[in-house]
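Asks: sharing a model that was predicted from the sequence below.
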Amino acid sequence: MKPKTNFSYATTLVAFATLVTSSYAVDRIKQNNTTALNLSGSWDTLPTSSDVAVFDSTYATVGALNSGALLTWQGVRVTSPGGIVTINNSSSGQEIALGSAGIDMSAATISMNIQRLRVDASQTWNIASGQTFNLGNSATVRAGVLSLGSGGPFTMTKTGTGSAQLNTSNTAIGNVNWDIQSGVVRAIWNGSAAWGTGTITLGGGGIATGTSFSGSVGNWTWNNAITLTNATTSFIDNQNIAGADRWLKLDSVISGSGNLEFRDTGTGFTNLDAGFIITGTNTNTGSVTIATGAEVRVGGGNAGVLDDVAGNNGKLAADSAAVTNNGTLTFARLDSHTMANAISGTGNVRVGMVNLLGGSSTSTQVVTLSGNSSYSGVTTLNNGTLSVSSLANGGANSNIGASTNAASNLIFSAGSALKYTGTGQSSDRLFTYSSTVDNSGWRLESSGAGALKLTNTGSIAFAGSSNQTRTLTLDGSNSADNTLAAGLTNNGTGATNLTKVGDGKWIISGTSTYTGATTVSAGSLLVTGALGNSAVGVSNAGTAFGGSGSLGGSLTLNVGTLFYVADLSDPLLVTGSVSLYSGFGVDDLAGLTWSGVNNGTYTLIGGTLGAGVFDSLAHNSLGSAYDIGGGRSAYFQKGSLQLVVIPESSTALLGGLGLLAMLRRRRVKA
């Protein structure tokens with residue numbers, strides 16, 4: 001007979017309860033006292049590694065708590081205690097170690113501080129709106145320590161719209177990943193070690209620098225790769241409360257399909273050359289927004305290079321990303337690079353740095369903006385070159401946005417240049433030159449397949465220091481009718497100069513009053529308007545000057561240069577003296593197609609040649625006429641510079657009569 005087995009119902013319940021207790025976290029309630037947390041009197045039941053430590057309305061005591069020892073909990077939950085929960089475990093070996101239950105403040109009515117926290121598993125921090133989990137012994141002291149247990153790397157997931165604050169001073173965190181789905185996590189003071197060595201995923205939440213107390217501000221570099229997920233907008237924020245000229249360098253790649261906003265809700269980002277410094281070659285395809293007041297700079301050095309200097313690195317986003325700029329976007333690289341994104345918004349775009357942080361210069365930068373942009377802010381060229389292929393009228397989309405044509409919306413500074421590379425376009429955009437550097441200037445270049453015609457007849461504005469010398473340089477390889485209709489004046493008592501370089505052609509069609517020198521050293525410069533009281537000097541063989549307008553100063557053509565005939569029916573009127581080099585002839589006229597020139601007399605320059613100048617010209621009489629082809633010849637007539645075009649037979653006849661007259665004079669003289 002088999003032995004009989006008796007089952008106790010009570011024993012079975014105890015065994016089941018033990019199984020449940022060991023398998024699931026159990027709440028352990030903090031009692032209303034300041035007893036050290038490692039003592040049983042502090043709790044209803046002392047929590048263990050499988051329990052959740054709970055701070056609810058039972059705990060109404062205000063004051064700091066001590067851990068007393070290393071405490072290992074599955075998690076911690078805060079609901080409605082009577083005051084801020086502060087665990088002031090300042091000594092090494094007295095950490096609060098949390099498992100997978102993490103930090104649950106989803107229903108919290110108060111914030112919590114833990115000075116030393118050890119992460120033993122991947123976990124979630126769920127923090128209610130308006131509340132903060134602060135890693136530190138208070139929200140105003142940088143004394144927090146975050147360490148990792150064995151078995152990592154771990155992922156810290158942040159949910160809830162509240163905030164987590166890592167007041168970690170200069171301590172290393174280690175290999176931890178961050179997944180921030182909502183709310184914000186602030187990294188305080190810790191520079192490149194602020195987030196550990198892992199990655200950051202933003203799925204609708206944000207990361208920030210700075211906090212609500214003085215002393216946490218600084219200049220930081222974050223090296224962590226950032227991935228943007230979900231069809232939501234995540235953010236990176238400056239929340240410093242003090243300081244000036246601050247920056248946050250993002251030194252790794254931002255990727256993913258989520259949207260991103262750069263915010264500046266604090267202070268300290270006061271330098272337009274600083275702010276957020278982008279040095280990673282970012283590939284994120286979602287929208288990018290620069291919030292009102294935020295400063296984003298594209299361009300910096302490699303990791304290890306002085307963090308604030310310019311370099312050859314940095315891309316705001318993938319070319320397909322929509323960019324809304326309501327703040328300030330600055331391009332500050334040292335090389336040639338392209339931004340293909342269309343830029344919208346009310347913010348400003350800058351090329352080059354002004355204050356040259358770290359002593360670096362961005363004058364070698366050539367940035368090409370190729371997007372069809374609609375931003376309405378100011379475009380400022382501090383230095384370097386901005387290259388565009390679309391330059392529309394004010395108010396219309398173009399590579400430099402859709403600002404109005406007011407001169408204040410397009411600003412040049414010393415050493416800057418605007419290069420046009422398009423197929424031909426007219427624009428009524430006017431501009432300002434602003435600088436405090438004496439004897440400085442700016443450059444307009446047209447090197448596209450078609451001409452650039454700047455049609456606004458208003459005067460170019462000056463800002464910065466008045467009464468200083470300024471120089472506008474016209475450049476480019478395009479030989480079509482590139483036109484500047486704007487008036488060029490002096491800068492107060494400081495003379496303005498005009499220089500023409502490059503193989504292309506520019507036409508000055510506006511009314512200018514500047515009194516500085518006009519120097520033509522390459523290509524062609526024509527005047528169809530009024531050039532003012534400027535002395536024009538044309539140098540270098542093959543260089544041309546001319547037109548059909550008026551010149552209030554003098555004109556000097558040096559050896560080998562050309563006079564450009566713009567319109568045979570409308571001569572260039574020169575008020576000052578005209579000096580032509582010895583040997584200047586009909587073959588030194590540019591702009592004419594002889595087959596289309598009728599026989600007749602044409603005034604080329606309405607002015608007075610210097611004494612004896614005409615006698616030194618080639619082709620200065622009928623007898624020395626120049627063969628222009630098609631059975632015709634041309635020569636210069638005395639007085640104002642007049643061109644006479646006649647049939648070849650007339651030249652031969654009059655030449656023979658001249659020879660007979662010469663022989664007769666010789667016989668009489670003999």
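Replies: Looks like it came in fine.

Asks: who does the strand ranked longest in the chain pair up with?
Replies: Determined from DSSP state E, the single longest strand within the chain is strand 96-105. Strand partners for strand 96-105, identified by DSSP bridges, are recorded as strand 71-78 (parallel), strand 116-119 (parallel), strand 123-127 (parallel).

Asks: give me the contact list for it.
Replies: Contact with strand 96-105 is made by 25, 49, 52, 67, 70-78, 87, 89, 111-112, 114, 116-128, 131, 133, 149, 157, 160, 162, as judged by C-beta atoms under 8 Å, 6 or more residues apart in numbering. For the C-beta atoms, the positions are set from N, CA and C on the backbone; glycine is no exception.

Asks: quick one: low-confidence parts of the stretch 151-300 of the chain?
Replies: Screening the stretch 151-300 of the chain residue by residue with the criterion pLDDT under 70, one finds the ranges 169-172, 189-190, 211-217.

Asks: Thr233: neighbouring residues, count only.
Replies: The local packing of Thr233 (other C-beta atoms under 10 Å) involves 17 other residues.

Asks: try Gln642
Replies: 16.

Asks: next, find the distance separating it from Tyr433.
Replies: According to C-beta to C-beta, to the nearest Å, Gln642 stands 40 Å off from Tyr433.

Asks: now Ala242
Replies: Between Ala242 and Tyr433 the distance is 36 Å, computed by C-beta to C-beta.

Asks: compare the two (neighbour count), which wins?
Replies: Tyr433 (25 against 14).

Asks: does the residue nearest to Thr493 when sequence neighbours are not counted count as helix, strand or coil?
Replies: The spatial neighbour of Thr493 that comes closest, neighbours along the chain excluded (C-beta to C-beta, 6 or more residues apart in numbering), is Asn467 at 4.5 Å. At Asn467 the chain is in coil, as set by DSSP: H, G, I helix; E, B strand; the rest coil.

Asks: the closest residue to Ser569 other than its chain neighbours: neighbour count?
Replies: The shortest distance from Ser569 to any residue other than its chain neighbours is 7.9 Å, reached at Tyr602 (C-beta to C-beta, 6+ apart). Counted by other C-beta under 10 Å, the residues lying close to Tyr602 total 19.

Asks: element containing Tyr602?
Replies: Assigned by DSSP states H and E, Tyr602 belongs to strand 600-606.

Asks: what pairs with that strand, parallel or antiparallel?
Replies: Strand 600-606 has its sheet partners listed here by DSSP bridges as strand 572-574 (parallel), strand 641-647 (antiparallel).

Asks: who touches the last one?
Replies: By C-beta under 8 Å, 6+ apart, the surrounding residues in contact with strand 641-647 are 568, 578, 580, 586, 589, 597-605, 607, 609, 622, 625, 628, 631-637.

Asks: on that earlier part again, let me know the pLDDT of the residue nearest to Ser569.
Replies: Among the per-residue scores, Tyr602 holds a pLDDT of 96.

Asks: how much space between it and Lys638?
Replies: For Tyr602 relative to Lys638 (C-beta to C-beta), the value is 14 Å.

Asks: likewise for Ser163?
Replies: Using C-beta to C-beta, one obtains 89 Å as the distance from Ser163 to Lys638.

Asks: quick one: which of these two has more around it?
Replies: Neighbours around Ser163 and Lys638, counted as other C-beta under 10 Å, are more numerous at Ser163. The numbers are 24 against 12.

Asks: and the strand holding Tyr602, how far out from the chain middle?
Replies: Its chain's C-alpha centre lies 51 Å from the corresponding centre of strand 600-606 when counted by C-alpha atoms, centre = their mean, to the nearest Å.

Asks: low pLDDT regions in the stretch 501-650 of the chain?
Replies: Answering for the stretch 501-650 of the chain: the residues below the bar, that is pLDDT under 70, span 639-640, 649-650.

Asks: listing partners with orientation, what would you give for the helix or strand that contains Asp237?
Replies: Here Asp237 sits within strand 233-238, counting by DSSP H and E. Here strand 233-238 has these sheet partners by DSSP bridges: strand 206-209 (parallel), strand 259-264 (parallel).

Asks: how far is the longest one from where the chain is centred?
Replies: To tie it back to what came earlier, the one meant is strand 259-264. Distance of strand 259-264 from its chain centroid, counting by C-alpha atoms, centre = their mean, is 16 Å.

Asks: the shortest one too?
Replies: When C-alpha coordinates are averaged (C-alpha atoms, centre = their mean), strand 206-209 and its chain have centres 22 Å apart.

Asks: any idea what Ile103 is bridged to?
Replies: Those that pair with Ile103 in a beta bridge, by DSSP bridges, are Val76, Trp125.

Asks: quick one: it from Gly174, how far?
Replies: Ile103 sits 18 Å away from Gly174 when distances are taken as C-beta to C-beta.

Asks: and these two? Which one has more around it.
Replies: Of the pair Ile103 and Gly174, Ile103 is the one with more neighbours under other C-beta under 10 Å, namely 24 against 16.

Asks: tell me the phi and psi of Gly596?
Replies: Geometry field for Gly596 lists phi and psi as phi -100, psi 0, criterion degrees, to the nearest 10.

Asks: give me the number of residues near it?
Replies: Other residues near Gly596 number 7, with proximity taken as other C-beta under 10 Å.

Asks: kindly report the same for the one 10 residues further on.
Replies: For Gly606, the neighbour count with other C-beta under 10 Å is 18.

Asks: against Val574, how distant is it?
Replies: Here the criterion is C-beta to C-beta. By it, Gly606 lies 7 Å from Val574.

Asks: domains for this protein, by residue range?
Replies: As assigned by automatic domain parsing, the chain contains the domains 16-154+164-170, 588-669.

Asks: which of the ones you listed sits most buried?
Replies: Mean neighbour counts were taken over those using mean count of other C-beta atoms under 10 Å, and the top value, a mean of 18, falls to domain 16-154+164-170.

Asks: distance between that domain and the chain's centre?
Replies: Taking the mean of its C-alpha atoms, domain 16-154+164-170 sits 45 Å from the chain's own mean (C-alpha atoms, centre = their mean).

Asks: with stretch 337-356 instead?
Replies: Taking C-alpha atoms, centre = their mean, one finds stretch 337-356 lying 3 Å from the centre of the chain it belongs to.

Asks: how close does Leu334 sit to Val349?
Replies: Distance, Leu334 to Val349, by C-beta to C-beta: 18 Å.

Asks: neighbour-wise, which of these two wins?
Replies: Val349 (25 against 21).

Asks: how close does that one get to Ile29?
Replies: For Val349, the distance to Ile29 under the criterion C-beta to C-beta works out to 58 Å.

Asks: and the pLDDT at Glu392?
Replies: Careful, residue 392 is Ala; it's not Glu. Per the predicted model, pLDDT is 98 at Ala392.

Asks: that one against Ser398, yeah?
Replies: Yes - counting by C-beta atoms under 8 Å, Ser398 is a contact partner of Ala392 at 4.0 Å.

Asks: those two: which is more packed in?
Replies: With other C-beta under 10 Å as the criterion, Ala392 and Ser398 differ in neighbour count, and Ser398 comes out ahead with 25 against 19.

Asks: who touches that one in this structure?
Replies: Under the criterion of C-beta under 8 Å, 6+ apart, the contact partners of Ser398 comprise 372-373, 388, 390-392, 427.
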